[in-house]
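K.L.:
Generate a structure from the sequence data that follows.
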Amino acid sequence: MPTNNDVERVKDKYPGYTLQELNEGEILYRQNCATCHSLKHPALFTESQWEKIVPAEVIKVNKQNGNTIIDKDYQRVLLRYLVTMATSPSAK
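P.N.:
This next block holds a predicted model:
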């Protein structure tokens, strides 16, 4: 469960980032990624790995659904969620 501590931890990386945006990223992750496979714990991959994985998976999801259900803004929210939670102390 994302917390304000998670937002504080990445405030230099993502200025203006909010708990609401972090929670939106979690919702996107659960609603879209779980439709094709089990959810991976964010700490299983590094930031650079997520930066490659997310765009590729977004293309698959959009293609599978015949439209663009995840646009660039949603993709950014999803990626920030994964990167933030990958570095969470509880992820260790």
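K.L.:
what's next to stretch 13-25, contact-wise?
P.N.:
2-4, 6-7, 10-11, 77-84 (Cβ atoms under 8 Å, 6 or more residues apart in numbering). C-beta coordinates here come from the backbone N, C-alpha and C atoms, glycine included.
K.L.:
Select from those residues the one having the most neighbours.
P.N.:
Leu82 (27 neighbours; other Cβ atoms under 10 Å).
K.L.:
tell me the contacts of it?
P.N.:
25, 29, 42, 45, 50, 54.
K.L.:
Closest one of these to Asp73?
P.N.:
Nearest to Asp73 out of the contacts of Leu82 is Gly25 (Cβ to Cβ; 11.2 Å).
K.L.:
so which strand or helix has Asp12?
P.N.:
Assigned by DSSP states H and E, Asp12 belongs to neither a helix nor a strand.
K.L.:
Quick one, grab the pLDDT at it.
P.N.:
pLDDT, Asp12: 95.
K.L.:
So what's the residue count around it?
P.N.:
8.
K.L.:
which phi and psi does it have?
P.N.:
phi -70, psi -40 (degrees, to the nearest 10).
K.L.:
so where is this protein shaky, pLDDT-wise?
P.N.:
66-70, 90-92 (pLDDT under 70).
K.L.:
mind running it again at 50?
P.N.:
The chain contains no residues with pLDDT under 50.
K.L.:
list the buried ones in the longest helix along it?
P.N.:
Longest helix in the chain, counting residues (DSSP state H): helix 47-64. The neighbour-count check on helix 47-64 (16 or more other Cβ atoms under 10 Å) flags 50, 54, 57-58, 62 as buried.
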